[in-house]
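In: Any chance you can model this:
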Amino acid sequence: MSSKPHLAYQLSRAISIACDAHEGQYRADGQPYIFHPLTVASKLYDPVNQIIAVLHDVLEDSTKYTGSDLVRIFGPEIGVDVMHLTHDESVRYDTYINDCSINQRCKAVKVADLMHNLETIDNITPETKRKKMKDRYLKAYKKLTGHEYNDSM
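Out: Next comes the predicted model:
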């Protein structure tokens, strides 16, 4: 997947799929959910990582697409990584983060995802839920990057 026109087409297709998958979904601040994966993608420089970022919540938040669909549409490099980034609720979160740390693409996208979640954490209510989520995200960020999160980044 090295051709720039092909990557542009793949990104366009990923955005269309993510828009479809997240239709009618909103974040805690009232913004359409699609802005989250687009913001995550904007934090990354590698075009394949950007495509994966746009798709990173499609399988978790929608039943419109399957992992097999994404492998068929985007190929195994992207499809399998999106599946890897999909948190199965039966798997402990710290185990999921450890699994993400093994794959460099998944690690990069997850770090960008955590950064955006931490940037928007103040929109979560009630405060007890916000604190629990923030602690979880900060611990995951440190595990994946090896350093503390700095919100002035």
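
In: need the helices for this protein, in chain order.
Out: With DSSP state H applied, the chain shows helices at 4-21, 35-42, 47-55, 58-61, 67-74, 76-85, 93-102, 104-119, 127-145, listed in chain order.

In: can you tell which of those helices is closest to residue 27?
Out: Nearest of the helices of the chain to residue 27, taken as C-beta to C-beta: helix 35-42 at 6.0 Å. Where C-beta positions appear, they are placed from N, C-alpha and C, glycine not excepted.

In: mind listing what's buried in the closest one?
Out: Of the residues in helix 35-42, those buried by neighbour count under the rule 16 or more other C-beta atoms under 10 Å are 36-41.

In: Without its sequence neighbours, what residue ends up closest to residue 32?
Out: Nearest residue to residue 32, sequence neighbours excluded (C-beta to C-beta, 6 or more residues apart in numbering): residue 26, at 6.1 Å.

In: gap between the one you found and residue 96?
Out: 24 Å (C-beta to C-beta, to the nearest Å).

In: who has more neighbours, those two?
Out: In this comparison of residue 26 against residue 96, neighbours counted by other C-beta atoms under 10 Å, the higher total goes to residue 96 at 18 against 12.

In: Quick check, that one in contact with residue 89.
Out: No. The pair residue 96 / residue 89 is not scored as a contact, 9.5 Å apart, by C-beta atoms under 8 Å.

In: hmm, back to that, could I get the buried residues of helix 35-42 in CSV, plus columns for pLDDT and distance to residue 144?
Out: Listed next are the buried residues of helix 35-42 as CSV, based on pLDDT from 0 to 100; distance: C-beta to C-beta, whole Å:
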residue, pLDDT, distance to residue 144
36, 98, 18
37, 98, 18
38, 98, 21
39, 98, 18
40, 98, 14
41, 98, 17
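
In: Grab the nearest non-local neighbour of the most centrally placed residue in the chain.
Out: Centre of the chain computed as the mean C-alpha position; nearest residue by C-alpha atoms, centre = their mean is residue 56, 3.9 Å away. Once flanking residues are discounted, residue 56 sits nearest to residue 85: 4.9 Å by C-beta to C-beta, 6+ apart.

In: Residue 96 too?
Out: residue 87 (5.0 Å).

In: give the contact list for that neighbour.
Out: The neighbours of residue 87, taking C-beta atoms under 8 Å, 6 or more residues apart in numbering as the test, are 60, 93, 96.
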